[in-house]
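A.B. asks: Predicted structure and sequence below. I'll ask about it afterward.
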Amino acid sequence: MPNNIGSLIPHQPPMRLVDEIISVEPADSRVTTVIGPDFLFLREDNTVAPEAFCEIIAQSFAACESKRRELAGLSTEGGGYLVNIRNFTALAHARKGDVLVTRVTQQDDCFGTRIVQGEIFRGEEKLAQATVYIFMWEGKEPPTSL
């Protein structure tokens with residue numbers, strides 16, 4: 001699936017933590033992240049700070065949601081931000097050179113806040129999981145009221 005994640009989410013390097021969309025099926029959306037030498041959350045010991053996992057999940061969902069809208073012929077103009085994290089578990093460290101696959105599925109939508117379950121894998125090994133809440137809007141500016 002050809003894609004340009006740079007046109008799907010507003011994040012620019014070094015804050016863009018996702019690289020390529022693999023699948024945008026609503027029940028099985030997947031995105032890759034390559035942990036390169038300039039990865040924003042890479043620590044001196046060449047491991048990734050665990051808090052990066054939540055942002056990777058959020059960016060993965062945002063990119064897939066934008067791609068789904070693009071494929072449906074809808075506007076991709078809009079934005080969002082991570083507002084809450086629940087049930088976060090880091091099971092293992094990611095390291096420089098790793099290729100991660102993030103699987104995200106939307107669980108609910110409450111007044112524009114998407115509740116998303118995410119899991120991050122290195123091969124078959126699950127590194128992290130979390131439920132993230134992402135407030136999203138369409139158009140140039142976020143709404144001033146609900």
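C.D. replies: Sure, I can see it.
A.B. asks: from here on, contacts and neighbour counts on C-alpha atoms
C.D. replies: Fine.
A.B. asks: how about the helices of this structure, start to end?
C.D. replies: 5-8, 52-71 (DSSP state H).
A.B. asks: Compare the mean pLDDT across those helices and name the weakest.
C.D. replies: Mean pLDDT is lowest for helix 5-8 out of these, coming in at a mean of 85.
A.B. asks: Now do it: everything it contacts.
C.D. replies: Outside helix 5-8, the residues within contact range by C-alpha atoms under 8 Å, 6 or more residues apart in numbering are Q12, V18, D19, E20, I21, A62, A63, S66, K67, T76.
A.B. asks: Okay, now the unreliable bits of this structure?
C.D. replies: Applying pLDDT under 70 to the chain picks out residues 1-3, 142-146.
A.B. asks: what's the burial count for the nearest residue to P10 once chain neighbours are set aside?
C.D. replies: Using C-alpha to C-alpha, 6 or more residues apart in numbering and skipping residues adjacent in sequence, the residue nearest P10 is G79, 7.6 Å away. By other C-alpha atoms under 10 Å, 19 other residues sit near G79.
A.B. asks: how close does G79 sit to I9?
C.D. replies: 8 Å (C-alpha to C-alpha, to the nearest Å).
A.B. asks: Could I get the contacting residues of the residue lying closest to P37 once chain neighbours are set aside?
C.D. replies: Among residues not flanking P37 along the chain, K96 sits closest, at 6.4 Å (C-alpha to C-alpha, 6+ apart). By C-alpha under 8 Å, 6+ apart, the residues touching K96 are I35, G36, P37, L42, N46, T47, V48.
A.B. asks: just V99 next, same as before
C.D. replies: T32, T33, V34, I35, R122.
A.B. asks: One more: L40?
C.D. replies: So L40 contacts P14, M15, L17 (C-alpha under 8 Å, 6+ apart).
A.B. asks: List buried residues within the contacts of helix 5-8.
C.D. replies: Burial by neighbour count, judged by 16 or more other C-alpha atoms under 10 Å, picks out V18, D19, E20, I21, A62, A63, S66, K67, T76 from the contacts of helix 5-8.
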